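> Let's see this in three dimensions:
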Amino acid sequence: NSDATEVLVLSISGSQLGVTEGDKTIDISPENLIYRIFDEAISDNYFCVTIPPTTPIVLKDISAESGTININTTVLSNENEEITGYQYYITFSNLLFSDDGGRIFHENFEFGTFTVNL
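Numbering: from 1, shown residues only. Here you go, the predicted model:
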């Protein structure tokens with residue numbers, strides 16, 4: 001969100017992303033997608049540190065129950081047709097989170113684009 005207090009944490013491996021151009025799907029599990037709410041904004045490098053900072057405080061941490069991760073992979077190349085990287089457009093379908101406070105469901109949710117340069 002614009003206050004930087006809510007995040008979706010997606011954990012998938014490089015082999016799951018792959019290097020083959022086109023579309024692929026991965027089933028969502030509680031281990032690979034988490035919705036987290038903090039008591040204040042997080043910094044840009046919050047997830048890059050080895051030991052998580054003590055602030056901001058996590059108010060809610062909900063693992064996804066079900067859904068599908070949809071990945072569209074595009075191979076990036078230079079003018080000599082040499083591969084320079086990969087671009088991954090990631091969306092979720094039938095995404096379900098639930099806890100004792102209720103359910104959060106998105107039929108289609110755009111996560112965004114992730115680029116890997118070689």
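> Give the residue farthest from the middle of this structure.
N80 (32.0 Å; C-alpha atoms, centre = their mean).
> pLDDT score assigned to that residue?
On the pLDDT scale, N80 is placed at 96.
> Likewise for T73?
pLDDT, T73: 98.
> Report the contact partners of it.
Contacts of T73 were listed using C-beta atoms under 8 Å, 6 or more residues apart in numbering, and they are L17, G18, V19, T20, E21, G22, D23, K24, Y86, Q87, Y88. From N, CA and C alone the C-beta is placed, and that goes for glycine too.
> Counting neighbours, which of the residues you listed comes out on top?
For these, neighbours were counted using other C-beta atoms under 10 Å, and Y86 has the most, 20 neighbours in all.
> Was I right to think that one contacts L17?
Yes: between Y86 and L17 there is a contact under C-beta atoms under 8 Å: 7.4 Å.
> list residues touching both of these two?
Residues touching both Y86 and L17 (C-beta under 8 Å, 6+ apart): T73, V116.
> related to what we said a few turns ago, which of the contacts of T73 fall in strands?
G22, D23, K24, Y86, Q87, Y88 (DSSP state E).
> Now the fifth one. Nearest residue, chain neighbours left out?
To tie it back to what came earlier, the one meant is Q87. Among residues not flanking Q87 along the chain, T74 sits closest, at 4.5 Å (C-beta to C-beta, 6 or more residues apart in numbering).
> swap in the fourth one?
Among residues not flanking Y86 along the chain, V116 sits closest, at 5.0 Å (C-beta to C-beta, 6+ apart).
> Look at that neighbour and tell me its secondary structure.
Assigned with DSSP: H, G, I helix; E, B strand; the rest coil, V116 falls in the strand class.
> And the pLDDT at it?
Per-residue confidence (pLDDT) for V116: 96.
> shouldn't L96 be in contact with S66?
Yes: using C-beta under 8 Å, L96 is in contact with S66, at 4.9 Å.
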